[in-house]
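**Q** sharing a model prediction with you, sequence too.
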Amino acid sequence: MATTKYDTFRAELLAHPETRAAYDALEPKYGLLRALVAAREAAGVTQAEMARRMGTSRSALSRLESAAGPSPNWETVTRYAREAGYEIEVRLRPAAKRGRTITARIPARPVGRGGAAAKTRSRSTGARARGGLSVHG
């Protein structure tokens, strides 16, 4: 694949440590938004339909997906995922090689206390936990 002017320009900018640090600091936000858009698209839901389901405008949803505004809050992220038919799994891994991995799952649809959403299964160990939280290691 040929290198474009944009690719060259981007590489030159990211060669500067300050620019690279600012760029890297945005990755968690952009990574989350890419995952949300992928979930919506995999569900076959348009922006207009997702906006309707979430009770917002298509332009507001477009701003959210393009990161044109502030970072989305937790309620927005969980509502978006649920409306796309997905659950959220948050995995906290120790920065060092040692330690426990903690996983929390937020169900695709809220259920009553003690329901199916209150149980999780670890992908790595198969251990069960209650309350949507697993600790491994």
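**A** Great, that's in hand.

**Q** next, count neighbours for G85.
**A** Counted with other Cβ atoms under 10 Å, the neighbours of G85 add up to 14. (Each C-beta comes from the backbone N, C-alpha and C, glycine too.)

**Q** and the closest residue to it other than its chain neighbours, how close does it get to A95?
**A** Once flanking residues are discounted, G85 sits nearest to A43: 5.2 Å by Cβ to Cβ, 6 or more residues apart in numbering. Between A43 and A95 the computed distance is 33 Å (Cβ to Cβ, to the nearest Å).

**Q** which of those two has more residues huddled nearby?
**A** A43 (13 against 5).

**Q** pLDDT score for the more buried one?
**A** Looking at A43, its pLDDT stands at 95.

**Q** who's in contact with it?
**A** Residues near A43 by Cβ atoms under 8 Å, 6 or more residues apart in numbering: A84, G85, Y86.

**Q** now the helices for this structure?
**A** In the chain, the segments counted as helices under DSSP state H are 5-14, 17-42, 47-54, 58-66, 74-83.

**Q** I'd like the ones you listed laid out as CSV, including mean neighbour count and distance to A108.
**A** CSV is the format used below for the helices of the chain (neighbours: other Cβ atoms under 10 Å; distance: least, Cβ to Cβ, whole Å):
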stretch, mean neighbour count, distance to A108
helix 5-14, 10, 37
helix 17-42, 13, 10
helix 47-54, 17, 13
helix 58-66, 15, 19
helix 74-83, 17, 6
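
**Q** can you lay out those as a markdown table showing distance to P107?
**A** Converted to a markdown table, these look like this (distance: least, Cβ to Cβ, whole Å):
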| stretch | distance to P107 |
| --- | --- |
| helix 5-14 | 39 |
| helix 17-42 | 14 |
| helix 47-54 | 17 |
| helix 58-66 | 22 |
| helix 74-83 | 8 |
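
**Q** which of the ones you listed sits closest to G99?
**A** helix 17-42 (20.4 Å; Cβ to Cβ).

**Q** distance between that closest one and the chain's centre?
**A** Put simply, helix 17-42 sits 9 Å off its chain's centre (Cα atoms, centre = their mean, to the nearest Å).
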